[in-house]
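S.K.: Provided below are the primary sequence and the corresponding predicted coordinates.
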Number of protein chains: 2
Amino acid sequence: MMLGILGGMGPLAGAQFLARLTLLTPAERDQDHLPCVLWSDPRVPDRTAARLGTGPDPLPALLRGLRALEAAGATAIAIPCNTAHGWFDDMRAACPLPILHIVDAAAADLARQGVAPGPIGLLATEGTLAMRLYQQRLEAAGWDVLVPDAATMADVVSPAIAAIKAGAVGPAGLPLRAAAAGLVARGARAVVLGCTEIPLGLPEGPLRDSLGVPVVDTIDALALAAIGWARG
Amino acid sequence: MMLGILGGMGPLAGAQFLARLTLLTPAERDQDHLPCVLWSDPRVPDRTAARLGTGPDPLPALLRGLRALEAAGATAIAIPCNTAHGWFDDMRAACPLPILHIVDAAAADLARQGVAPGPIGLLATEGTLAMRLYQQRLEAAGWDVLVPDAATMADVVSPAIAAIKAGAVGPAGLPLRAAAAGLVARGARAVVLGCTEIPLGLPEGPLRDSLGVPVVDTIDALALAAIGWARG
């Protein structure tokens, strides 16, 4: 049993996924942990740009990574990038291994945290919003997905994600917290950090806690899904 | 160009190496980062136990990881585990790729931080100390290596490393800081965190800064060596 991680989108989110997978696994020593192979290819074309029609298709690079992970011995795949899940069906068709879906992992975490059906907030990339990745899978379960308005996306959320991709993790915290708080003010009973860059800027701690509602960190949610897979 | 990372020893140190490599790389966007493949196999037998004669040989597992990284397309290797470098010559003999040496990376970082020849302190595993990995490479350059006494190793350093491997990162900080301060009191003009678990327990920040001498974090030192390799 070996988990293949299709990472690099961004590279810090992939590294953080492996760190959180490690910390969330009950373990007393190195040998208790899940073997993993992480393909961190930051050259994968930008997923949001592709979906908005302003950049090349990432699918060939995604499939190259999946083939490398399969060749290295992976027996299941986790992809710590929400926007890449816009190509989930293509990847599943091309890859014989089971692929965990990050939106299903987020839904499981909403349920684990006891979030009842009703309005929830979503912070994500422009690409994820344009593809309605969360709406497709969450609205069937009774959660209504509130998203930031266009001005907040352009002025706050997208710049914060770009800053984190450039390594400026700290300055992204307050703007992301403000965008999340705006969703709570509109009635969201929980907030999903639906881009794996966002938990790097708004990590566990007082700033996140100050929102006063449950927060789904999609890095942690995917790590918990992987731990569940490993336990069979 | 793709960096192969032989990780999993422990898994948190391997993840942290990839995170620090990412943060230390000058980059504006995902695509500016170095492609990596990380083999995180926590089942590698304990390196210190093997060297002390109380556990199995890790070399077969290390070579299996190197072969997987080579097959995945790696063009150089970094190993974020100091103790594993006790098998460096065997790995180099078996692997056609260049392997960065973590003690050479630490020496380069001592020089980068302007640490003059003379006494320096080393915190490391019992295995690394028994193999004299640092003494062999640093004493030729004029640095005298001070190490904790046997009681401090048994009561403080080794338990702190074990705690971090079990995920208890926070409680390890003060004991590791005390062990490092003991070396400074004996005349060390810098302290090398010569086990990649140790920077997880004594991260950048006030506790580390309170030592009042330069600190070589061997996760960061190896990341800087990898960035230097990538730049040619």
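M.R.: In hand now; what should we look at?
S.K.: CA only for contacts and neighbour counts going forward, please
M.R.: Will do.
S.K.: How about the residues of chain A by chain B?
M.R.: A:8-12, A:15-16, A:18-19, A:22-23, A:27-45, A:68-69, A:71-72, A:162, A:165-167 (Cα under 8 Å from any Cα of the partner chain).
S.K.: Okay, strands next: where are they in chain A?
M.R.: Secondary structure of chain A, counting by DSSP state E: strands at A:3-7, A:36-40, A:76-78, A:118-123, A:143-146, A:191-193, A:215-217.
S.K.: Can you tell me which of the ones you listed is packed in deepest?
M.R.: strand A:36-40 (a mean of 29; mean count of other Cα atoms under 10 Å in any protein chain shown).
S.K.: which secondary structure elements does that one contact?
M.R.: Under the contact criterion of 3 or more Cα pairs under 8 Å, 6 or more residues apart in numbering or on different chains; DSSP states H and E, strand A:36-40 touches strand A:3-7, helix A:11-24, helix A:59-71, strand B:36-40.
S.K.: List the buried residues in the longest one.
M.R.: Judged by neighbour count using 16 or more other Cα atoms under 10 Å in any protein chain shown, the buried positions of helix A:11-24 are A:11-23.
S.K.: Tabulate these (JSON lines), appending pLDDT.
M.R.: Listed next are these as JSON lines, based on pLDDT from 0 to 100:
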{"residue": "A:Pro11", "pLDDT": "94"}
{"residue": "A:Leu12", "pLDDT": "94"}
{"residue": "A:Ala13", "pLDDT": "96"}
{"residue": "A:Gly14", "pLDDT": "97"}
{"residue": "A:Ala15", "pLDDT": "97"}
{"residue": "A:Gln16", "pLDDT": "96"}
{"residue": "A:Phe17", "pLDDT": "98"}
{"residue": "A:Leu18", "pLDDT": "97"}
{"residue": "A:Ala19", "pLDDT": "96"}
{"residue": "A:Arg20", "pLDDT": "97"}
{"residue": "A:Leu21", "pLDDT": "97"}
{"residue": "A:Thr22", "pLDDT": "94"}
{"residue": "A:Leu23", "pLDDT": "93"}
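S.K.: Now do the contacts for the residue nearest to A:Ala61 when sequence neighbours are not counted.
M.R.: For A:Ala61, ignoring the flanking residues on the chain, the nearest one in space by Cα to Cα, 6 or more residues apart in numbering or on different chains is A:Val44 at 5.5 Å. Residues counted as contacts of A:Val44 (Cα atoms under 8 Å, 6 or more residues apart in numbering or on different chains) are A:8-9, A:58, A:61-62, B:31.
S.K.: Among the residues you listed, which pair sits farthest apart?
M.R.: A:Leu62 and B:Gln31 (14.0 Å; Cα to Cα).
S.K.: Quick check, A:Leu66 in contact with A:Pro96.
M.R.: No: the criterion here is Cα atoms under 8 Å, and A:Leu66 misses it with A:Pro96 at 9.6 Å.
S.K.: Look at those two and report which has more neighbours.
M.R.: Between A:Leu66 and A:Pro96, counted using other Cα atoms under 10 Å in any protein chain shown, the more crowded position is A:Leu66 (26 against 13).
S.K.: Pull out the buried residues from stretch A:93-107.
M.R.: Buried residues in stretch A:93-107, defined by neighbour count with 16+ other Cα under 10 Å: A:95, A:97, A:99-107.
S.K.: Any idea how far it is from the middle of the chain?
M.R.: 12 Å (Cα atoms, centre = their mean, to the nearest Å).
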